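S.K.: generate a structure from the sequence data that follows.
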Amino acid sequence: MALTVRQKMVVDQNHAIHLQSPELKPGSRVEVIVLVESEAQQAKGKPVSFLEEAQNLSIDALPDFSTNFEKNLYGHGN
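M.R.: Now for the predicted structure:
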């Protein structure tokens, strides 16, 4: 099984990255795969869970909407 080293880093002004890890032994042959985050992923920062996002929702509805939504939706009882 291959050793996997995963690190997040930022490309410097010389368009380079520097990977240093004690697991990498001098003289070892390695294969490097670079995965570039999309601009949307970079702008988001850390991932947000569904529950965290749901807490920030602002719903424009009547205070009793959850119990009377059918009346409001279909116009019954007005």
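S.K.: what about the residue nearest the centre of the chain, which SS state?
M.R.: Nearest to the mean C-alpha position of the chain, by Cα atoms, centre = their mean, lies Pro47 at 2.9 Å. Under the three-state scheme (DSSP: H, G, I helix; E, B strand; the rest coil), Pro47 adopts coil.
S.K.: in the chain, which spans are helices?
M.R.: 39-44, 50-55, 65-74 (DSSP state H).
S.K.: return the most buried member of those.
M.R.: Highest mean neighbour count of these: helix 65-74, a mean of 11 (counted as mean count of other Cβ atoms under 10 Å). From N, CA and C alone the C-beta is placed, and that goes for glycine too.
S.K.: kindly export that one (C-alpha atoms) in PDB.
M.R.: Listed next in PDB are the C-alpha coordinates belonging to helix 65-74 (Å, rounded to 0.1, in the frame of the first residue of the first chain):
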ATOM      1  CA  PHE A  65     -47.300  29.000   8.800                       C
ATOM      2  CA  SER A  66     -46.100  25.600   9.900                       C
ATOM      3  CA  THR A  67     -49.500  24.700  11.400                       C
ATOM      4  CA  ASN A  68     -51.700  26.500   8.900                       C
ATOM      5  CA  PHE A  69     -49.700  26.100   5.600                       C
ATOM      6  CA  GLU A  70     -52.600  24.300   3.800                       C
ATOM      7  CA  LYS A  71     -55.000  27.200   4.600                       C
ATOM      8  CA  ASN A  72     -52.400  29.700   3.200                       C
ATOM      9  CA  LEU A  73     -51.500  27.500   0.200                       C
ATOM     10  CA  TYR A  74     -55.000  26.500  -0.900                       C
END
